[in-house]
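Q: Got a predicted model here, sequence first, then my questions.
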Amino acid sequence: MASLTERMLGAARLDAATYEEVEADATATPQAMLVVVLANLAAGVAVLRVVGIGGLLMATLASLLGWYVWAFITYFVGTRILPGPKTQADVGQLLRTIGFSATPGLIRVLGIVPGLGVLVDFVAALWMLVAMVVAVRQALDYDSTARAVGVCVIGLVFNMVVLYVLSRLLGVPLGIAP
């Protein structure tokens with residue numbers, strides 16, 4: 001079994017075997033949660049002066065809720081609406097793989113460098129989305145990357161709605177939560 005660091009590096013490298021390992025390891029859910037929290041905190045460092053510690057904590061809670069909602073929606077869409085012939089998964093498998101797909105979000109800490117924030121956020125968001133496609137493809141045992149893209153896009157739309165509502169309710173900027 002790989003360490004947390006090895007798993008995070010594999011996830012960032014978009015290594016399908018890493019996502020398969022995380023999917024199969026039911027004890028990796030706390031690790032996946034930690035990755036989500038670390039990615040959110042990395043983003044929060046860059047905007048800490050704007051949101052303060054309280055805002056950062058609220059954004060972290062929102063990111064955890066968003067992670068769970070996204071995993072559940074992805075599970076539902078991927079197993080009920082767009083299942084592949086070999087699709088067999090549970091919510092825990094998606095929580096783990098999607099959680100590790102947030103690993104590229106750690107680069108958002110570089111947003112603290114003046115002038116890099118927007119570029120770093122864009123690169124991190126794109127990288128995390130590609131990682132999520134790999135994660136979903138592996139967790140749902142899809143043969144088609146296109147099917148995984150479709151499931152991720154549907155999940156992204158629902159997740160953005162949830163994050164928007166949470167950001168308005170909690171007064172936290174959208175840019176922090178993964």
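A: Cool, the structure landed.
Q: Tell me the secondary structure at the nearest residue to residue 85 once chain neighbours are set aside.
A: What sits nearest to residue 85 in space, not counting adjacent residues and going by CB to CB, 6 or more residues apart in numbering, is residue 143, at 7.6 Å. Every C-beta, even on glycine, is put in place using the N, C-alpha and C of the backbone. Three-state call for residue 143 (DSSP: H, G, I helix; E, B strand; the rest coil): coil.
Q: what's the distance between residue 143 and residue 72?
A: Applying CB to CB, to the nearest Å, the value for residue 143 to residue 72 is 24 Å.
Q: Comparing those two, which shows the higher neighbour count?
A: When neighbours are counted by other CB atoms under 10 Å, residue 143 and residue 72 differ, and residue 72 comes out ahead with 15 against 12.
Q: Please, which helix or strand holds the more buried one?
A: Secondary structure from DSSP states H and E places residue 72 in helix 29-76.
Q: Just give the closest residue to residue 145, not the sequence neighbours.
A: Nearest one to residue 145, counting by CB to CB, 6+ apart, is residue 137 at 5.8 Å.
Q: tally of neighbours for residue 71?
A: Count around residue 71 with other CB under 10 Å applied: 25.
Q: is it true that residue 23 touches residue 96?
A: Yes. At 6.1 Å, residue 23 counts as touching residue 96 under the criterion of CB atoms under 8 Å.
Q: Spit out the residues that contact those two alike.
A: By the contact definition CB atoms under 8 Å, 6 or more residues apart in numbering, residue 23 and residue 96 are jointly contacted by residue 139.
Q: between those two, which one's more packed in?
A: residue 96 (29 against 22).
Q: Can you give me the pLDDT of the more buried one?
A: For residue 96, the pLDDT comes out at 97.
Q: Okay, now the unreliable bits of the chain?
A: For the chain, the stretches with pLDDT under 70 are 172-178.
Q: show me the contacts for the residue sitting nearest the centre point of the chain.
A: The residue lying closest to the centre of the chain (CA atoms, centre = their mean) is residue 102, at 3.8 Å. Applying CB under 8 Å, 6+ apart, we find residue 102 in contact with 35, 36, 39, 67, 128, 131, 178.
Q: And the first one, how far from residue 158?
A: What it means is residue 35. Distance, residue 35 to residue 158, using CB to CB: 21 Å.
Q: Likewise for the fifth one?
A: Between residue 128 and residue 158 the distance is 16 Å, computed by CB to CB.
Q: if you count what's nearby, which of these two comes out ahead?
A: Per other CB under 10 Å, whichever of residue 128 and residue 158 has more neighbours is residue 128, with 24 against 17.
Q: Lovely, talk soon.
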